[in-house]
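Chemist: Just the structure for this:
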Amino acid sequence: MTPTWTDQAPIYQQLADRLAVQLLDGSPPEGEALPSVRQLASQYVINPLTVTRALQELSEHGLIESRRGLGMFVMAGARERLLRHEREQFLQKDWPALRARLKRLGLSAKDLNWEST
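Modeler: Numbers count the residues shown, from 1 in each chain. Below is the predicted model:
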């Protein structure tokens, strides 16, 4: 299945976001190699330069590192950094809007049935 891309952000950013989600899920684990640029380009049906830009983005955020002649590897602590960042983003951006919508709809935590998840 060919991945779908939106017009909301550059493709390299969308790919970086997808790879970050995978890192957050522990794939690949810290210290392990990422697939090569060619493999990622083939998997996502995009230009290798776009993949390189996405990997550069992750590298700039201290999530992956290049090991000369070996490829890109997940840095130690990458998942924890991502988790902290995602939590902060959720609390600053997503939660206030979600809370306001719940209030408008007259929903409480009890209505959401938190216990069943």
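Chemist: what about this structure, any weak spots by pLDDT?
Modeler: Applying pLDDT under 70 to the chain flags residues 1-2, 114-117.
Chemist: For the residue nearest to the spatial centre of it, which three-state class applies?
Modeler: The geometric centre of the chain, computed from its C-alpha atoms, lies nearest to Ala20 (Cα atoms, centre = their mean), at 2.6 Å. Following DSSP: H, G, I helix; E, B strand; the rest coil, Ala20 is assigned to helix.
Chemist: which residues sit in contact with it?
Modeler: Neighbour list for Ala20: 58, 63, 82 [criterion: Cβ atoms under 8 Å, 6 or more residues apart in numbering]. All C-beta spots, glycine's among them, are computed from the backbone N, C-alpha and C.
Chemist: Closest one to Ile11 out of those residues, please.
Modeler: Closest approach between those and Ile11, by Cβ to Cβ: Leu58, at 14.5 Å.
Chemist: Which strand or helix spans that closest one?
Modeler: Following DSSP states H and E, one finds Leu58 within helix 48-60.
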